[in-house]
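**Student:** got a predicted structure here, sequence first:
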Amino acid sequence: MPREHTLFTVDQGRFVLHPTPRMETRLAGVTDNVLAHGARGRLMLGEASILFQEIATPPPRPRPQLPASIRGTLGDRIDRRLAVIIGASLLAHIGIAAYAWTADVDTAPLGMSPVAANYHQDTIEITIPDEPVTTSAPGTAAPVAPRQRPAPIVHPTHVTASHPPSLREDDALRMASILTDSNETTRGPGTMHERQPGADLDKQLEDASHRTVAIGNPDHTSRTDDRAHIGVTPDHPLVDDPTLTRIDPTHRTEDRPIRITLDRPKADQPTTLTPATVLDKIQNAYMTGLQRCYRKGLAGDASLSGRVSISFTVDSHGAVKDAEAGGVNAQVDACISGQMDAWRFPFPRDKDGEPTDVSFHVSLALQSS
């Protein structure tokens, strides 16, 4: 026997038999290997026997149906009590809607002042009629009369002023950025204080604090050693040193560009809360708080940089617990730990779909440009 062999084919609606040369056949109703209606036979190849018979497809059975006396009509299948309740409810709702539609009172749009809503502008519509044309009889001269311009017809009308344009989307976004800016200032986060009166006072103080000032007279002083020093010991800097400058240690650092790079979080067990999800949530929602903590550290140490290792556990409700941070200094570490206590993530689930806790470890690289 070959590995593959087509025993029957269809040609013009009739089955055709294709036996192999080694087969022994016993056929009935088969002419030139074409099967007639009801043809049958037996094919033998060694110890294998194949029996076949051509039969007609049975006609489809009709779908059984209940007698009409049992089926009843559509009205018999409707619960009359339920139909009455539904009809009464529908009529009541339609009546309420019709009353609200007819008794509705037009009100001014939200945010519009009463003056703009009630303001009306009087306009005057002027219509100038056509001048009458006078004709004279034949052979007579037409009287010459001075031309008079007809009086205009005045139709006073009232036109309601258009509503003032609503606040544009870009204005709303600009106002939101002013209120929620991530820059940390002496008055807290945000730049709203820059729009207030006297807001440039901080800049003036900053310019004065960075100005080089020579103090004292190098030729003579009232000190015993004729040299004035800052402090009470001779080893302190000279007061009259022209190169001496003083920089305010509370110098504002919100204008300095900073960069915080996050490594991919590492989880202690596989859950539905993947490290990629945690990384995206921190970068998109919580990066502002991390930048605020770093700027607080730069206010005390302008050269502050390094890596901070943070670890936290997300419980089954998405809240953060056991938050720890360390690596730069105590102030920045404590600030980052406080920020992490307010973080929220999607609920973690294990492979069986049950709520679970998962711990993450992330490394932050702090760098000031």
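**Tutor:** Received the coordinates, thanks. Numbers count the residues shown, from 1 in each chain.
**Student:** tell me who's in contact with the closest residue in space to Arg349 that isn't next to it in sequence.
**Tutor:** Computed as Cβ to Cβ, 6 or more residues apart in numbering, the closest residue to Arg349 that is not its neighbour in sequence is Thr272, at 4.4 Å. Where C-beta positions appear, they are placed from N, C-alpha and C, glycine not excepted. Counting by Cβ atoms under 8 Å, 6 or more residues apart in numbering, Thr272 makes contact with 346-350.
**Student:** let me know the closest of those residues to Leu262.
**Tutor:** Pro346 (18.1 Å; Cβ to Cβ).
**Student:** mind listing what that closest one touches?
**Tutor:** 272-273, 277, 318.
**Student:** buried ones among these?
**Tutor:** The neighbour-count test (16 or more other Cβ atoms under 10 Å) marks Leu273 as buried among those.
**Student:** of the contacts of Pro346, closest to Ser311?
**Tutor:** Leu273 (15.1 Å).
**Student:** what count of nearby residues applies to the nearest residue to Ser363 once chain neighbours are set aside?
**Tutor:** Closest residue to Ser363 apart from its sequence neighbours, by Cβ to Cβ, 6+ apart: Asp263 at 4.3 Å. Asp263 sits with 14 neighbouring residues when counted by other Cβ atoms under 10 Å.
**Student:** Asp263 and Ser309, how far apart?
**Tutor:** Noted for Asp263: a distance of 10 Å to Ser309, by Cβ to Cβ, to the nearest Å.
**Student:** likewise for Pro346?
**Tutor:** Separation of Pro346 from Ser309 (Cβ to Cβ): 24 Å.
**Student:** any chance you could list what contacts the lengthiest helix in the chain?
**Tutor:** Assignment by DSSP state H gives helix 80-102 as the longest helix of the chain. Surrounding helix 80-102, not a single residue is in contact under the criterion Cβ under 8 Å, 6+ apart.
**Student:** kindly report the same for stretch 23-32.
**Tutor:** 17, 19, 35-45, 54.
**Student:** return the set of buried residues in that stretch.
**Tutor:** 23, 27, 30.
**Student:** try stretch 277-296
**Tutor:** Buried-residue list, stretch 277-296, by 16+ other Cβ under 10 Å: 278-279, 282, 286, 289-296.
**Student:** now, among the residues you listed, which is nearest to Ala302?
**Tutor:** Arg295 (11.1 Å).
**Student:** next SSE downstream of the helix or strand hosting the closest one?
**Tutor:** Per DSSP states H and E, Arg295 falls inside helix 287-300. Following helix 287-300 in sequence order, the next helix or strand is strand 306-314 (DSSP H and E).
**Student:** that next one: partners in the sheet, and parallel or antiparallel?
**Tutor:** Under the criterion DSSP bridges, strand 306-314 sits next to strand 320-326 (antiparallel), strand 358-368 (antiparallel) in its sheet.
**Student:** what's the closest of those strands to Glu206?
**Tutor:** Relative to Glu206, the nearest member of the strands paired with strand 306-314 by Cβ to Cβ is strand 358-368, separated by 18.0 Å.
**Student:** could you give the angle of that closest one to helix 287-300?
**Tutor:** 50 degrees (axes from the mean of the first three to the mean of the last three Cα atoms, to 10 degrees).
**Student:** okay, strand 358-368 in CSV with CA atoms only?
**Tutor:** Taking Å, rounded to 0.1, in the frame of the first residue of the first chain, the C-alpha atoms of strand 358-368 are listed here in CSV:
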residue,chain,number,x,y,z
VAL,A,358,4.8,42.0,46.2
SER,A,359,8.1,43.8,47.1
PHE,A,360,10.1,45.9,44.6
HIS,A,361,13.6,47.3,44.7
VAL,A,362,14.5,50.4,42.6
SER,A,363,17.7,52.4,42.2
LEU,A,364,17.5,56.2,41.5
ALA,A,365,20.5,58.1,40.1
LEU,A,366,20.4,61.8,41.2
GLN,A,367,22.4,64.2,39.1
SER,A,368,22.5,68.0,39.0
